[in-house]
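S.K.: build me a structure from this.
(one chain, ligands or ions: 1)
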Amino acid sequence: MKPETAATLSGPVMCVVGARPNFMKMAPILRAFAAHRPVLPALLVHTGQHYDQDMSDRLFDDLGLPRPDINLDVGSASHAVQTAEVMRRFEPALDAHRPCCVVVVGDVNSTLACTLVAVKKNVPVVHVEAGLRSYDRKMPEEINRVLTDQVADRLYTTERSAADNLQREGVDVERVCFSGNVMIDSLLANRVHARSTADTLRAHRIDPGLLGQQGRYGVVTLHRPSNVDDAETLRTVLGVLGEVAAQLPLVFVMHPRTRSSIERFGLGAMVDPTRVALLPPQGYLEMLGLLDRATLVLTDSGGLQEETTALGVPCLTMRSNTERPITVEQGTNTLVGRDRTAILRGVAEIMSGQGKRGRVPELWDGHAAERIAADLWQWLRHGANAVSLV
Ligand code: UD1
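M.R.: Take a look at the predicted model:
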């Protein structure tokens, strides 16, 4: 019998990345497509939503992502302009390469923009990390998630609650597949290569002695518009962080959005450089090292809630909701919002050794991308409505 080859698909699998949190999700997926037998031929599109060396290129290197086959170079703009520009530039790429399906990950503007273009051309859309819901429609990501999931053809989920969310929104359960967490595939594959915290600080001319004799520290990241776009809110947040820093040295890895808000609102003096190591956006291996050795993490990031759960590091999430409830129910995550009392209580508990230890959720085992490749191959052969097989 002639062995099956992926040449029996009608075109390549077109994989889309746009912003930083997409890169660590797509890297294991591309590897799994290449390792699958038959190979699933892939084309990588980078929309250019994130374009800095720090926010993009370095992550490609760290994660072993191949150079994109297509770069759309959209850059920064308002939500409307950025989404529209991705759509405008993605359409000719789709027409030129005639993929058998488009794979999108996560919840950024590029995810939704490419989804809309593909479905209207009857190209099946595959959404990895589907069904997560914060139920907060003020978050741009929530709009991107809800709309992408409504029109995507195959939906891969990271936790079981996601399928319930999708079912509530009328999504046919037949379209949903619980595959596990590809972000944790990246984490487990790279953990041994993580950079030490001391090296990361030294690379920015910061004396690791700032962390004290015991080397205990907290990691801070903030970038949600709800936390950093308003002057008074940001002042409150930085005030609480100052109180935390008085007890525990902090490594604050600052997103460009946050840096520009701090400059614009003149709040730079609220960050005490003797207690807070301020770093620009870090490479994947630097960030992994910082997280792995941290006493605690204070963040509003979605990805960090998952990574800390996988690493068993207590996480205080400065949001009032999460689209990743399993990190609270089973993992190390606690929602503290911007509530000073809750934050200081959380820090005190963790520092006295009573922080959440948690357990690693089901299928966060480093093999999610392999499961996706195996399922996608079967689905493309048998299930994808609009896919013609030659
Ligand atoms: C985006 C995602 C968010 C994700 C985050 C991770 C959306 C709606 N939001 O938010 O879900 O958690 O990425 O970072 O898609 N900038 C640079 N260099 C870059 C990219 C951006 O300096 O390479 C600056 C620009 O000033 C830009 C601002 O950051 O205006 C915001 O970038 P943008 O992609 O619009 O949103 P993020 O806040 O990064």
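S.K.: and the residue of the stretch 201-350 of the chain found nearest the ligand, its phi and psi?
M.R.: Of all residues in the stretch 201-350 of the chain, Pro256 sits closest to the ligand, at 3.3 Å by C-beta to the nearest ligand atom. Every C-beta, even on glycine, is put in place using the N, C-alpha and C of the backbone. Backbone torsions for Pro256, taken as degrees, to the nearest 10, come to phi -60, psi -30.
S.K.: looking at this, Val103 is in a strand?
M.R.: Yes - assessed with DSSP: H, G, I helix; E, B strand; the rest coil, Val103 lies in a strand.
S.K.: isn't it right up against Cys15?
M.R.: Yes - here Val103 reaches Cys15: they are 4.7 Å apart, a contact under C-beta atoms under 8 Å.
S.K.: ok, these two, which is more surrounded?
M.R.: Using other C-beta atoms under 10 Å as the criterion, Val103 and Cys15 rank with Val103 on top: 31 against 27.
S.K.: so what pairs up with the more buried one in the strands?
M.R.: Cys15, Val126 (DSSP bridges).
S.K.: mind pulling the model confidence for it?
M.R.: Predicted confidence (pLDDT) for Val103: 99.
S.K.: wait, what's in contact with it?
M.R.: Val103 is in contact with 13-16, 26, 29, 126, 128, 376, counting by C-beta atoms under 8 Å, 6 or more residues apart in numbering.
S.K.: quick revisit: the residue of the stretch 201-350 of the chain closest to the ligand contacts Pro281, correct?
M.R.: Yes - using C-beta under 8 Å, Pro256 makes contact with Pro281 at a distance of 7.1 Å.
S.K.: re the thing from before, who wins on neighbours among the contacts of Val103?
M.R.: Val16 (30 neighbours).
S.K.: does it touch Thr111 like I think?
M.R.: Yes - between Val16 and Thr111 there is a contact at 7.2 Å, judged by C-beta under 8 Å.
S.K.: hmm, back to that, more neighbours: Pro256 and Pro281, which one.
M.R.: Ranked by neighbour count (other C-beta under 10 Å), Pro256 and Pro281 place Pro281 first, with 22 against 15.
S.K.: joint contacts of Val103 and Cys15?
M.R.: Joint contacts of Val103 and Cys15 (C-beta under 8 Å, 6+ apart) are 26, 29.
S.K.: overlap of the contact sets of Val16 and Thr111?
M.R.: The contact sets of Val16 and Thr111 overlap at 22, 104-105 (C-beta under 8 Å, 6+ apart).
S.K.: list buried residues within those residues.
M.R.: 22, 104-105 (16 or more other C-beta atoms under 10 Å).
S.K.: and these as TSV, adding distance to the ligand?
M.R.: Converted to TSV, these look like this (distance: C-beta to the nearest ligand atom, whole Å):
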residue	distance to the ligand
Asn22	9
Val104	12
Val105	12
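S.K.: just those residues now: which is nearest Thr200?
M.R.: Of all these, Asn22 has the smallest distance to Thr200: 22.9 Å, by C-beta to C-beta.
S.K.: so which strand or helix has that closest one?
M.R.: Assigned by DSSP states H and E, Asn22 belongs to helix 20-35.
S.K.: for that helix, buried residues please.
M.R.: For helix 20-35, by 16+ other C-beta under 10 Å, it's 20-33.
S.K.: the inter-axis angle of it versus strand 101-105?
M.R.: Angle of helix 20-35 versus strand 101-105, following axes from the mean of the first three to the mean of the last three C-alpha atoms, to 10 degrees, is 140 degrees.
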